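Trainee: sequence unavailable; structure follows:
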Ligand code: CMC
């Protein structure tokens with residue numbers, strides 16, 4: 001009643017009060033809990049940032065050690081989950097597997113659904129309830145890499161690798177992905193550091209489509225595994241986490257740098273999309289894109305330059321000087337360069353969105369926890385619509401219809 005205009009795409013609707021991530025899209029500023037993303041990328045680590053995003057403050061050494069221990073201890077997946085992974089076709093998209101795996105994981109942990117168990121919902125005032133919530137958080141962060149590695153290996157027909165002891169989060173992930181099962185394999189430190197930086201940059205980005213989806217689903221008070229799986233599904237789309245994969249497909253289709261001008265003309269005729277450019281919030285360069293570009297140079301020192309780099313650079317430089325893109329404030333986003341790093345590191349193209357989803361689990365959990373513990377409790381997210389359909393009509397039996 002009284003609604004006249006629909007806010008399509010949530011251009012002007014704030015659905016929650018948050019203290020997690022700050023973005024100033026006009027000035028290219030991104031801060032996690034007040035800390036500039038540049039400082040965190042320079043000095044922090046993915047897991048420390050995970051703690052910061054979820055609990056609101058940088059951890060003490062003791063707090064960090066405990067958090068890391070809990071996350072890594074919970075990284076082992078129940079052996080029964082192996083059969084689940086084998087039920088997918090060999091060519092299933094890993095995001096489809098990961099999305100399903102998060103939902104399936106929830107079936108192992110009844111205590112993650114306290115209201116279904118007739119218990120009080122997660123609440124700030126009850127230490128046991130908070131400990132229960134923490135446990136689900138450790139599990140989801142810990143198992144994200146394990147489930148992702150299982151999705152990766154099952155498609156190659158390879159056995160699964162038990163998460164190793166004594167490695168960092170990203171080292172452990174790389175180990176699980178590519179360990180051949182023999183020798184004293186340790187991932188290249190430059191590559192695991194680069195992945196750690198990329199994970200840190202992808203950990204949160206306030207109310208993007210997937211975080212919003214997690215909150216929308218979570219607002220019905222379902223368990224966090226189900227909520228995270230819906231976030232994962234949202235991130236799968238090419239306008240969101242699928243963009244890093246789309247950038248590489250675009251660069252492959254362009255081929256040589258000399259084909260860039262013709263491609264940009266096709267974009268201007270709206271026959272093509274310039275993937276990795278544009279953002280709902282940033283109206284200047286995404287601050288993460290500069291850090292990713294620098295990280296790419298570190299990675300290329302180890303892996304050699306990607307043959308698509310020249311094409312990417314020409315595309316980048318030409319678009320930033322072209323009036324069509326300038327007037328629409330279209331600049332590179334985080335996905336423009338990240339795909340080139342993943343490609344240089346040898347990841348298959350369709351695994352790129354998984355490399356976005358795994359760290360984003362942290363952001364989804366930070367938003368979910370904040371909502372669950374917000375003063376006054378959770379209010380179910382039930383938006384309104386503007387009904388433009390038919391007025392009242394009489395039912396016509398099928399044999400009387402024209
Ligand atoms: N290529 C060509 N034109 C574009 C692009 C693009 N990548 N992005 C926006 N535009 C045009 C759009 O056609 C519109 O033009 P006009 O006003 O003449 O109709 C204008 O720029 C405004 O764009 P919009 O579509 O209204 O912007 P939006 O905020 O609804 O969409 C976006 C944001 C990210 C979905 C869009 O920019 C896009 O599709 N980009 C390519 C996909 C991509 O790189 N996604 C990753 C986003 S960053 C990481 C993440 O969050 O997952």
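Mentor: Good, I have the coordinates. Since the structure is predicted, the reported quantities are computational estimates derived from the model, not experimental observations. Numbering: from 1, shown residues only.
Trainee: so for stretch 348-366, what's the average pLDDT?
Mentor: Stretch 348-366 shows a mean pLDDT of 96.
Trainee: ditto for stretch 57-67
Mentor: In this model, stretch 57-67 has an average pLDDT of 98.
Trainee: mind listing what the residue of the chain found nearest the ligand touches?
Mentor: Closest to the ligand within the chain is residue 278: 2.3 Å, counting by Cβ to the nearest ligand atom. All C-beta spots, glycine's among them, are computed from the backbone N, C-alpha and C. Counting by Cβ atoms under 8 Å, 6 or more residues apart in numbering, residue 278 touches 328, 330-331, 333.
Trainee: can you put those in TSV and add secondary structure?
Mentor: Shown next, in TSV, are the contacts of residue 278 (DSSP: H, G, I helix; E, B strand; the rest coil):
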residue	secondary structure
328	coil
330	coil
331	coil
333	coil
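Trainee: by neighbour count, which of those residues wins?
Mentor: Tallying neighbours with other Cβ atoms under 10 Å puts residue 333 at the head of the contacts of residue 278, with 25 neighbours.
Trainee: what residues are up against that one?
Mentor: 243, 276-279, 282, 286, 288-289.
Trainee: and for residue 185?
Mentor: Listed by Cβ under 8 Å, 6+ apart, the contact set of residue 185 reads 175, 178-179.
Trainee: redo that, cut-off 7 Å
Mentor: 175, 179 (Cβ atoms under 7 Å, 6 or more residues apart in numbering).
Trainee: what is the subsequent helix or strand relative to the lengthiest helix in the chain?
Mentor: The single longest helix within the chain, with elements called by DSSP state H, is helix 127-155. Sequence-wise, the next helix or strand downstream of helix 127-155 (DSSP states H and E) is helix 169-178.
Trainee: and that next one, what's its mean pLDDT?
Mentor: Per-residue pLDDT over helix 169-178 has a mean of 94.
Trainee: off-centre distance for it?
Mentor: Remark: helix 169-178 is offset 18 Å from the chain centroid, using Cα atoms, centre = their mean, to the nearest Å.
Trainee: which strands and helices lie in contact with that helix?
Mentor: Counting contacts by 3 or more Cβ pairs under 7 Å, 6 or more residues apart in numbering; DSSP states H and E, helix 169-178 is packed against helix 46-55, helix 127-155, helix 189-202.
Trainee: buried set for the first one?
Mentor: By that I understand helix 46-55. Going by neighbour count (16 or more other Cβ atoms under 10 Å), the buried part of helix 46-55 is 46-55.
Trainee: sorry, back to before: any chance of JSON lines for the helices and strands packed on helix 169-178, columns distance to the ligand?
Mentor: Formatted as JSON lines, the helices and strands packed on helix 169-178 follow (distance: least, Cβ to the nearest ligand atom, whole Å):
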{"stretch": "helix 46-55", "distance to the ligand": "16"}
{"stretch": "helix 127-155", "distance to the ligand": "17"}
{"stretch": "helix 189-202", "distance to the ligand": "9"}
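Trainee: my read: residue 30 touches residue 39, true?
Mentor: No: applying Cβ atoms under 7 Å, one finds residue 30 not in contact with residue 39, separated by 11.1 Å.
Trainee: so which of those two has more stuff around it?
Mentor: Neighbour comparison, residue 30 and residue 39: the larger count goes to residue 30, with 25 against 11 (by other Cβ under 10 Å).
Trainee: state the distance from that one to residue 72.
Mentor: 27 Å (Cβ to Cβ, to the nearest Å).
Trainee: and what of residue 137?
Mentor: 14 Å.
Trainee: cool, and residue 112?
Mentor: Using Cβ to Cβ, residue 112 is found at 20 Å from residue 72.
Trainee: which ones are touching residue 110?
Mentor: residue 117.
Trainee: hmm, I typed the wrong one, I wanted residue 325.
Mentor: Residue 325 touches 277, 319, counting by Cβ under 7 Å, 6+ apart.
Trainee: quick one: which helix or strand includes it?
Mentor: Residue 325 is part of helix 323-327 when elements are defined by DSSP H and E.
Trainee: buried sites along that helix?
Mentor: residue 325.
Trainee: quick check: next helix or strand after it?
Mentor: helix 335-344.
Trainee: average pLDDT for the helix or strand that residue 231 is a member of?
Mentor: Using DSSP H and E, residue 231 maps to helix 224-235. For helix 224-235, mean pLDDT is 97.
Trainee: where does the protein dip in pLDDT?
Mentor: 1, 118-120, 180-183 (pLDDT under 70).
Trainee: within range of the ligand, give me the residues from it.
Mentor: Neighbours of the ligand within the chain, by Cβ under 6 Å from any ligand atom: 9, 208, 239-241, 243, 267, 273-280, 328, 330, 333-335.
Trainee: please, where are all the strands along the protein?
Mentor: Along the chain, counting by DSSP state E, strands occupy 21-24, 29-32, 35-36.
Trainee: of those strands, which approaches residue 233 most closely?
Mentor: With Cβ to Cβ as the measure, strand 21-24 is the member of these nearest residue 233 (21.5 Å).
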